[in-house]
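Colleague: predicted model, plus sequence, below.
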Protein chains: 2
Amino acid sequence: MAGTRRRGVGRSRPTLEEVAARAGVGRGTVSRVINGSPRVSDRTRTAVEQAVAELGYVPNRVARALAANRADAVALVIPEPETRLFAEPYFSDIIRGVGAELAEADLQLLLTLLRTPKERQRFAEYLSAHRVDGVLLVSVHADDPLPDLLERIEMPAVLSGRRSAHESVPYVDCDNTGGAQSAVEHLIGRGRATVATITGPLDMYVAQCRLDGYRAAIQAAGQEVDPALIVAADFTEEGGRRAMRELLERRPDLDAVFAASDVMAAGARQVLREQGLRVPDDVALVGFEDSAVARHMDPPLTSVRQTTEEMGRAMVRVLLEEIESQGERTSKRPQLVLPTELVRRGSS
Amino acid sequence: MAGTRRRGVGRSRPTLEEVAARAGVGRGTVSRVINGSPRVSDRTRTAVEQAVAELGYVPNRVARALAANRADAVALVIPEPETRLFAEPYFSDIIRGVGAELAEADLQLLLTLLRTPKERQRFAEYLSAHRVDGVLLVSVHADDPLPDLLERIEMPAVLSGRRSAHESVPYVDCDNTGGAQSAVEHLIGRGRATVATITGPLDMYVAQCRLDGYRAAIQAAGQEVDPALIVAADFTEEGGRRAMRELLERRPDLDAVFAASDVMAAGARQVLREQGLRVPDDVALVGFEDSAVARHMDPPLTSVRQTTEEMGRAMVRVLLEEIESQGERTSKRPQLVLPTELVRRGSS
DNA sequence: AGGTACTGTGGGAGCGCTCCCAGGTTGATG
DNA sequence: CATCAACCTGGGAGCGCTCCCACAGTACCT
């Protein structure tokens, strides 16, 4: 399979050695200049820099990686079921943030989709084969063995989102509780008396948090939390539809719904239309994520926006810290929670 | 920046040398077994395989890359304006296809977002620094210098989509003309008499093709192509709105619109609603791309689906061919056009 | 028996870099 | 003026692999 792939001839690039010769210094010195070591005299540095410019020298990163035993690359891992969600602005924004921050650090971004067990297996081998310096994990499930594997082989890693309240691995998350709370407060503030919620699967921490936010807002308004107004779904459109029907059956008098994801809000909206209920006149609707779906709904959906691109950037910064402090057995695992923002549109 | 990142200690992995010692053979022989060379006796091969298994040997790909002067990696490049479109299923599907096919070939996927000129510059250096064996270019503009640069440095590359009818670089495209034609034929087949179209920017080849398809279908139905029924837009929602208004002003009697992208169809749909026109009753609407937007419109949008994931896979296959035939100065550049499929929904 | 033609195999010679040690300078200090 | 630390600097060693040359072994001709 690997076969005999060979690179083309290509006038061979100058090497460190040649730069050294040209500058009239030793290899070590050139290396120091290239890597910005302070232990080089200005005269020497200038000479080397000139030789580099004249020869158009570009370090061979493969050689560097081999010699220094690092990869200069970071893997962004997207586990199976999520490769679908890929199309969400969420991922695209994460990637944009990650890409930008990695570019600044001069690291490569390896995109790894883990779909089949075979691919998982192969990825594990990559890890052992020292192909990456660290791993960014996007939306791993609570039962995914990957984070533990990474911990075992001491591979620096950062999660997007927590798996539980007591997440041990470094992570960057957004303020799910606060975002949900502000969404529900917004509804109450607009005079809605009976605010229901469609939650995600409650075995997912993110869903739990958003429900907590809902509860907090209701209580902050001096109301009782009515279990009849809470229906769990699964973050899908169909789930949103089912949950909405259930809610209308239980409490036909409801006048607002906070859905824990835009897609579920879209499902709920369909059911409302079917039943002749107007949005926002009869029922106000708020989602979470501020995805494309939200903007294209009719009326456009009010939603809680995550600063996703910033999450991506933050993940990289956290990962770099982790890599830096490799070995130093400090148990301080950096964990970060970023704010959310309510985007008001026609649906509320 | 690069600093002193060092890998953790980590019980060092076995090397080729150790495997050789264990199997009682030479380094070369182990290498041959690992790489599936046929010039190894069965007895030896078995012995080596056993040693590999016992030691849990995994080849160090960095060392391999250095020695063999290849990178075992391919870059997927997404130039600036497009990083926005990222969220489209189009990209996500391309990436899924590319990822799957690369995994099979045991190559790494490097994701490269080219946003700033600085990033472009840096990328050019990667190329020279032998970090990748080939490049996949997604939606490059006709005036992007990248394809030419790649050609100049003899870096294998494949485009998604042609830049013009006479594309010289290897590419994989979908049948834009045929897709558009089938969409318009569908509208005519449903009894629509006056079918208009909203095109993309006509300096883009893809927009040109879709318009050609529209024309072909109209003519195939024995009708004249009426220039008043053709309005150019820019693939944006706002452009779709403007174009729809223009069309309704020119030909208030139109009863169908083929928009060359889903997003423009979404814009058109808004204008139709504003003007009290029902979809599909008064005006039937068809888009192109079959993106998430299409499914979430009201009514759901009929659209032309591209087999995008397959395009990704095909791009990789083409690229591998190109890499394989490096140096052999055959002028046969592989170029591929994949079929499209009309997905019928409520809007027509 | 000597030649010719394979096939299998070992291991030297790198790939281009970083690491690190030893050695040479310099300037301040006792 | 000797001493010593602080600083630069050159270059050997080596990262783990592939490439390729040389050589032994076997088989089949003259």
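Modeller: Great, that's in hand.
Colleague: quick one: the helices in the stretch 151-300 of chain A?
Modeller: Secondary structure of the stretch 151-300 of chain A by DSSP state H, counting those that start in this stretch: the helices cover A:176-189, A:205-220, A:237-250, A:262-274, A:292-296.
Colleague: domains in chain A, by residue range?
Modeller: Following automatic domain parsing, one finds the domains of chain A at A:16-59, A:73-174+A:309-339, A:176-306.
Colleague: returning to that earlier point: redo the helices of the stretch 151-300 of chain A as CSV? Include distance to B:Val74, mean pLDDT and mean neighbour count.
Modeller: C-beta here means a position set from N, CA and C on the backbone, and glycine is covered the same way. Listed next are those as CSV, based on distance: least, Cβ to Cβ, whole Å; pLDDT from 0 to 100; neighbours: other Cβ atoms under 10 Å in any protein chain shown:
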stretch, distance to B:Val74, mean pLDDT, mean neighbour count
helix A:176-189, 37, 98, 22
helix A:205-220, 34, 97, 20
helix A:237-250, 35, 95, 20
helix A:262-274, 33, 94, 23
helix A:292-296, 29, 81, 23
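Colleague: what's the closest of the ones you listed to B:Arg70?
Modeller: Proximity to B:Arg70 (Cβ to Cβ) singles out helix A:292-296 among the helices of the stretch 151-300 of chain A, at 39.4 Å.
Colleague: avg pLDDT for the helix or strand just after the closest one?
Modeller: Counting by DSSP states H and E, the next helix or strand C-terminal to helix A:292-296 is strand A:302-306. For strand A:302-306, the mean per-residue pLDDT is 95.
Colleague: what inclination does strand A:302-306 have with respect to helix A:205-220?
Modeller: Note on geometry: by axes from the mean of the first three to the mean of the last three Cα atoms, to 10 degrees, strand A:302-306 and helix A:205-220 are set 120 degrees apart in direction.
Colleague: can the next helix or strand after strand A:302-306 be found next to DNA strand C?
Modeller: As assigned by DSSP H and E, the chain's next helix or strand after strand A:302-306 is helix A:308-324. No. Using Cβ under 7 Å from any atom of the strand, helix A:308-324 stays clear of DNA strand C, coming no nearer than 13.1 Å.
Colleague: how about helix A:308-324: buried residues?
Modeller: Within helix A:308-324, the residues scored as buried using 16 or more other Cβ atoms under 10 Å in any protein chain shown are A:308-320, A:322-323.
Colleague: and the residue of the stretch 1-150 of chain A found nearest DNA strand D, helix, strand or coil?
Modeller: Of all residues in the stretch 1-150 of chain A, A:Gly28 sits closest to DNA strand D, at 2.1 Å by Cβ to the nearest atom of the strand. At A:Gly28 the chain is in helix, as set by DSSP: H, G, I helix; E, B strand; the rest coil.
Colleague: okay, now it: neighbour count?
Modeller: The number of residues packed near A:Gly28 is 12, by other Cβ atoms under 10 Å in any protein chain shown.
Colleague: quick one: it from A:Val19, how far?
Modeller: Distance, A:Gly28 to A:Val19, using Cβ to Cβ, to the nearest Å: 12 Å.
Colleague: help me confirm that A:Val30 comes into contact with A:Ala47.
Modeller: No. The criterion here is Cβ atoms under 8 Å, and A:Val30 misses it with A:Ala47 at 9.8 Å.
Colleague: looking at these two, which is more packed in?
Modeller: A:Val30 (28 against 18).
Colleague: list the contacts for the closest residue to A:Ala228 other than its chain neighbours?
Modeller: Spatial nearest neighbour of A:Ala228, chain neighbours left out: A:Arg250 (4.7 Å); criterion: Cβ to Cβ, 6 or more residues apart in numbering or on different chains. With contact set as Cβ atoms under 8 Å, 6 or more residues apart in numbering or on different chains, A:Arg250 has these partners: A:Ala228, A:Leu229, A:Val231.
Colleague: and A:Ala243, by the same measure?
Modeller: Applying Cβ under 8 Å, 6+ apart, the residues contacting A:Ala243 are A:Ile198, A:Val231, A:Ala232, A:Ala233, A:Met264, A:Gly267, A:Ala268.
Colleague: what residues does the stretch 151-300 of chain A have near DNA strand D?
Modeller: Counting by Cβ under 7 Å from any atom of the strand, the stretch 151-300 of chain A has no residue next to DNA strand D.
Colleague: just read off the phi/psi values of whatever residue of the stretch 151-300 of chain A ends up closest to DNA strand D.
Modeller: Taking Cβ to the nearest atom of the strand as the measure, the stretch 151-300 of chain A has A:Ile153 as its residue closest to DNA strand D, at 15.5 Å. Here is the backbone geometry of A:Ile153 (degrees, to the nearest 10): phi -90, psi 10.
Colleague: any idea what A:Leu338 is bridged to?
Modeller: A:Cys174 (DSSP bridges).
Colleague: I figured A:Val158 hits A:Glu167, correct?
Modeller: No. Using Cβ under 8 Å as the test, A:Val158 is too far from A:Glu167 to be in contact (10.9 Å).
Colleague: who has more neighbours out of these two?
Modeller: Using other Cβ under 10 Å as the criterion, A:Val158 and A:Glu167 rank with A:Val158 on top: 28 against 17.
Colleague: for the more buried one, give its distance to B:Gln108.
Modeller: Applying Cβ to Cβ, the value for A:Val158 to B:Gln108 is 20 Å.
Colleague: just give me how far stretch A:308-327 sits from the chain centre.
Modeller: 11 Å (Cα atoms, centre = their mean, to the nearest Å).
Colleague: for it, which outside residues touch it?
Modeller: Contacts of stretch A:308-327 (Cβ under 8 Å, 6+ apart): A:74, A:89-90, A:93-102, A:105, A:133-136, A:154, A:156-158, A:160, A:170-174, A:334, A:336, A:338, B:3, B:5-9.
Colleague: next one: A:Glu82, what pLDDT does it get?
Modeller: On the pLDDT scale, A:Glu82 gets 58.
Colleague: returning to that earlier point: you'd agree the residue of the stretch 151-300 of chain A closest to DNA strand D is up against A:Ser128?
Modeller: Yes. Judged on Cβ under 8 Å, A:Ile153 makes contact with A:Ser128 at a distance of 7.0 Å.
Colleague: which one's more surrounded, the two?
Modeller: Taking neighbours as other Cβ under 10 Å, A:Ile153 and A:Ser128 compare with A:Ser128 leading, 16 against 13.
Colleague: quick one, which of the helices of the stretch 151-300 of chain A gets closest to B:Arg13.
Modeller: That would be helix A:205-220 among those, by Cβ to Cβ, at 35.1 Å.
Colleague: between that closest one and helix A:176-189, how many degrees?
Modeller: 40 degrees.
Colleague: low-confidence ranges in the stretch 1-150 of chain A?
Modeller: A:1-12, A:80-89, A:130 (pLDDT under 70).
Colleague: now the domains of chain A as CSV including distance to B:Leu66?
Modeller: As requested, these are exported to CSV (distance: least, Cβ to Cβ, whole Å):
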stretch, distance to B:Leu66
domain A:16-59, 13
domain A:73-174+A:309-339, 13
domain A:176-306, 41
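Colleague: return the most buried member of those domains.
Modeller: domain A:176-306 (a mean of 21; mean count of other Cβ atoms under 10 Å in any protein chain shown).
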